[in-house]
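Asks: heads up, no residue letters with this:
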C-alpha cells in the first residue's frame, strides 16, 4: 500500500512539473555553524531526475540583497565560510534547483548568528600520571575565524573526573588555564577524565571530549623509580668517563695498528720473481758412509782377557813384555787382512 502511494505521489509531482514547467525545490534547507564556520545543507527535491544541479545564495541582516555562494554544484552542501563572513553577523541562505533550462523556486534556510549559535567542538585533552596526582592539559579547538579566546573571552574548561567504575561519584571543577593538577586522588587507583568548554554567551556546553583514564601511583614507588633512574645515570656517566680516559688503550686493543707487510697484501707480489740472486736448488742428496767392522763374540772375549791380564801385572814388572806381545797378537787378529799386509 505504501509503495503504491509513493508511486502515485511521484507520478502526480511529475505531472505537475510537466504542466507547470517548474522543478520542485530542495527540502530541509539548513544553515549551521561548527567552530564558527557557516555551512548550508539541503536535501534534493522529491522525485528529482538525474543531472540536477544547485545554486546557493546568502545574505546578512544588514544587507538587503543576496550574494552569490556556490554556483552549479551537484553536492547538496555549500561551505560559505570562505565568502567573507564575520562571526558576529546574522545570516540566512537559500537554494535553487536547476535542470537544463528549468529552475525551481528559491527555498530559504533558517537564520543563524555564528558567535551565538555555533557548536564548539571538544578540546584536545591529555592526562599524565605524576605519583598520587594527575596532570590534565587542554588545547582549544581550531576555529575557522579568529580563535576561541578572541570570540569567547569568558570561556572556561569544565573538568569532570571520577574513580573508574564510580562515575556517579564524579567531581567537577571549572578553570580557565590550560593545565590543571588533580591532587585529591587515592594512590594506586585508576581515574577517568572528561572535559568540555563552557561560555557565558552560549547557554549550551561544547561537545564533550573523549574519556581518558590514567592510574595514580604511590609516592614511595615514585622515589624508588627515581632512585633507579639516578643510579643508572651515574653508572652510565662513570662508564663514559672510564672509556674516555682509557680510550687510547681501548682503541689500540680494538683497532691494532700492526699491519701486514706489503708483499702479503699484494697478491701479485707473491707470484713475482724474488729479487735475491740466491736460489734454493733442489738436487738429489749425496750419500756418505764409512766402513764398519762387526766384532764377533769370541774376539770380544779375547779383548776382555787381555785387559784382565794387564790389570794383574805389577807396574814396571817383568810381564810388561809378554803383555805387549799378547796385545799385538790380539790386535793382529782383529785388524782386516788388507791392513796387515800393508
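Replies: In hand now; what should we look at? These figures come from a predicted structure and were not determined experimentally.

Asks: next helix or strand past the longest helix along the chain?
Replies: Across the chain, the helix with the greatest residue count (assigned by DSSP state H) is helix 219-245. Using DSSP states H and E, the helix or strand that follows helix 219-245 towards the C-terminus is helix 247-254.

Asks: can you give me the strands in the stretch 151-300 of the chain?
Replies: For the stretch 151-300 of the chain, the strands defined by DSSP state E, counting those that start in this stretch cover 156-163, 171-175, 179-182, 190-198, 212-215.

Asks: Would you format those strands as CSV with mean neighbour count, mean pLDDT and distance to residue 225 included?
Replies: Backbone N, C-alpha and C define where each C-beta goes, glycine included. Formatted as CSV, the strands of the stretch 151-300 of the chain follow (neighbours: other Cβ atoms under 10 Å; pLDDT from 0 to 100; distance: least, Cβ to Cβ, whole Å):
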stretch, mean neighbour count, mean pLDDT, distance to residue 225
strand 156-163, 19, 95, 23
strand 171-175, 12, 95, 28
strand 179-182, 14, 95, 19
strand 190-198, 20, 95, 18
strand 212-215, 15, 95, 14
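
Asks: what's the closest of those strands to residue 144?
Replies: Closest to residue 144 of the strands of the stretch 151-300 of the chain, according to Cβ to Cβ: strand 190-198, at 16.1 Å.

Asks: which residues touch the closest one?
Replies: 120, 122-123, 125, 127, 134, 136, 138, 140-141, 148, 152, 155-164, 167, 174, 182, 185, 205-216 (Cβ atoms under 8 Å, 6 or more residues apart in numbering).

Asks: again, 6 Å this time
Replies: Contacts to strand 190-198, defined as Cβ atoms under 6 Å, 6 or more residues apart in numbering, come from residues 120, 123, 125, 127, 136, 138, 155-164, 185, 205-206, 208-209, 211-213, 215.

Asks: Touching, residue 107 and residue 26? I think so.
Replies: Yes: with contact defined as Cβ atoms under 6 Å, residue 107 and residue 26 form a contacting pair (5.4 Å).

Asks: what number of residues lie near residue 176?
Replies: Number of residues near residue 176 (other Cβ atoms under 10 Å) recorded here: 9.

Asks: circling back to that earlier point, now for residue 107 and residue 26: what residues contact both?
Replies: residue 95.

Asks: So which of the two has more stuff around it?
Replies: Taking other Cβ under 10 Å, residue 107 and residue 26 do not tie; residue 26 has more neighbours (26 against 18).

Asks: so what's the more buried one closest to, chain neighbours aside?
Replies: The shortest distance from residue 26 to any non-neighbouring residue, by Cβ to Cβ, 6 or more residues apart in numbering, is to residue 42 (4.1 Å).

Asks: My impression was that the one you found belongs to a strand - is that right?
Replies: Yes: per DSSP: H, G, I helix; E, B strand; the rest coil, residue 42 lies within a strand segment.

Asks: Use 3 as the first number from now on
Replies: Happy to do that; since the first residue is 3 now, the last one works out to residue 44.

Asks: I figured it hits residue 34, correct?
Replies: No: applying Cβ under 6 Å, one finds residue 44 not in contact with residue 34, separated by 11.4 Å.

Asks: Which one's more surrounded, the two?
Replies: Neighbour comparison, residue 44 and residue 34: the larger count goes to residue 44, with 23 against 16 (by other Cβ under 10 Å).
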